[in-house]
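A.B. asks: prediction below, plus the sequence it came from.
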Amino acid sequence: MPELRTRPVRQAALADGEALAELDRATWSTLHAVQPRPQPPYDPFFGAGHRPADFLVAEAENADGEAVVAGYIRLVAPTPLACNAHVRQIQGLAVADWARGRGLGRNLLRASFAEARRQGANRITLRVLGHNTPARALYAAEGFAVEGVLPGEFFLHGRYVDDVLMGRSLTL
Ligand SMILES: CC(C)(COP(=O)(O)OP(=O)(O)OC[C@H]1O[C@@H](n2cnc3c(N)ncnc32)[C@H](O)[C@@H]1OP(=O)(O)O)[C@@H](O)C(=O)NCCC(=O)NCCS
């Protein structure tokens, strides 16, 4: 596998919108998507509930040494409730096909842990489709445990698919 020079994970900026939208469309797959494949005209990437402040971005260098967007993670409060304010939830994670298997997904996850702690959270959760083996392996390797399963929660492409709830403490 050719070497990939990566940059430190950073907060997203409004100017990342087009690159993130392209990445999102390019990485659409039946493995993780619960929405149909996007069709033009495309919605803007950022909008209400999708603020740059909710996203962390991973970059890698292209052949000219320029940083290009290679992945992102979206970290939000699962609800607006004060009694739930100690929890953050990952609601989006994607790494470009050409950058996979080089640790960017792991870097993004770890950066989201740091960001969630910075925001005062002591717990982090996510939902993943039962058949998404790569993502489930990544989450398990980074300390997430299965905390619940909604069997056959989604009917996708002719099959019922489980919704798997995972979580981990941020105090460890
Ligand atoms: C899941 C995803 C983010 C992983 O990104 P990545 O940058 O390739 O992952 P990493 O290189 O950081 O891998 C870290 C660990 O994850 C696991 N992993 C990653 N890809 C895997 C695969 N294809 N099969 C099995 N395990 C895998 C391994 O445990 C790996 O550790 P190792 O390299 O020490 O064996 C990427 O495949 C992706 O964007 N998938 C499509 C979108 C998606 O499914 N998002 C999650 C929605 S819940």
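C.D. replies: Looks like it came in fine.
A.B. asks: and the strands in this protein?
C.D. replies: Secondary structure of the chain (DSSP state E): strands at 6-11, 55-61, 67-76, 87-95, 123-129, 145-156, 159-169.
A.B. asks: now those strands as CSV including distance to the ligand, mean pLDDT and mean neighbour count?
C.D. replies: (Glycine included, C-beta is placed from N, CA and C.) What follows is the strands of the chain, written out as CSV (distance: least, CB to the nearest ligand atom, whole Å; pLDDT from 0 to 100; neighbours: other CB atoms under 10 Å):
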stretch, distance to the ligand, mean pLDDT, mean neighbour count
strand 6-11, 10, 97, 15
strand 55-61, 8, 97, 22
strand 67-76, 6, 98, 21
strand 87-95, 4, 98, 21
strand 123-129, 4, 98, 20
strand 145-156, 12, 98, 12
strand 159-169, 9, 98, 16
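A.B. asks: just give me the neighbour total for the closest residue to the ligand within the chain.
C.D. replies: Minimum separation of the chain from the ligand (CB to the nearest ligand atom) falls at Gly105, amounting to 2.6 Å. Counted with other CB atoms under 10 Å, the neighbours of Gly105 add up to 23.
A.B. asks: good, we can wrap up now.
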